[in-house]
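Colleague: sequence plus the predicted model coming up.
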Amino acid sequence: MRVCLPLAEGSGGGAYSFYRNLRAYLRVAGIQYTGDVTAGADLVFANAWTIPRATIARAKRASATARVLHRIDGSA
């Protein structure tokens, strides 16, 4: 399985903190991930409203069978 995490790494909190922890988990679990939406993935992970719809559309064009997981937290 390959996961697309389309938010670049950052030093802030909020979504950046969530993605940082998720990347750490995926590394430990041995699950491949990429930030490149054109690389093809099985799962595209969108956190709250931080990922523009056009970015998700590009990821889907790269891999038509990819599923989109949209996490909505209390800030949405």
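Modeller: Received, thanks.
Colleague: quick one, phi/psi of Arg23?
Modeller: phi -60, psi -40 (degrees, to the nearest 10).
Colleague: how much space separates it from Leu7?
Modeller: Arg23 is 10 Å from Leu7, where distance means C-beta to C-beta, to the nearest Å. Just so you know, the C-beta spots here come from the backbone N, C-alpha and C atoms, and that holds for glycine as well.
Colleague: ditto for Asp36
Modeller: For Asp36, the distance to Leu7 equals 12 Å [C-beta to C-beta].
Colleague: give me the contacts around the strand or helix carrying Arg27.
Modeller: Secondary structure from DSSP states H and E places Arg27 in helix 15-29. Residues outside helix 15-29 that contact it (C-beta atoms under 8 Å, 6 or more residues apart in numbering): 3, 5, 7, 9-10, 32-33, 45, 47-48, 50, 71, 73.
Colleague: buried ones only from those, please, as a PyMOL command.
Modeller: The PyMOL selection below is limited to those of the contacts of helix 15-29 classed as buried (16 or more other C-beta atoms under 10 Å):
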select buried, resi 3+5+7+33+45+47+50
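Colleague: among the contacts of helix 15-29, which two are most distant?
Modeller: Considering C-beta to C-beta, no two members of the contacts of helix 15-29 lie farther apart than Gln32 and Asp73, which are separated by 24.8 Å.
Colleague: circling back: ok, the helix or strand following the helix holding Arg27: who's next to it in the sheet?
Modeller: Note on helix 15-29: by DSSP H and E, the next helix or strand toward the C-terminus is strand 32-34. Each strand that strand 32-34 pairs with, and the sense of that pairing, follows from DSSP bridges: strand 2-4 (parallel).
Colleague: and the contacts of the strand it pairs with?
Modeller: For strand 2-4, using C-beta under 8 Å, 6+ apart, the contacting residues are 26, 31-37, 39-45, 59, 66.
Colleague: and those, which are buried?
Modeller: The neighbour-count test (16+ other C-beta under 10 Å) marks 26, 33, 37, 41, 43-45, 59, 66 as buried among the contacts of strand 2-4.
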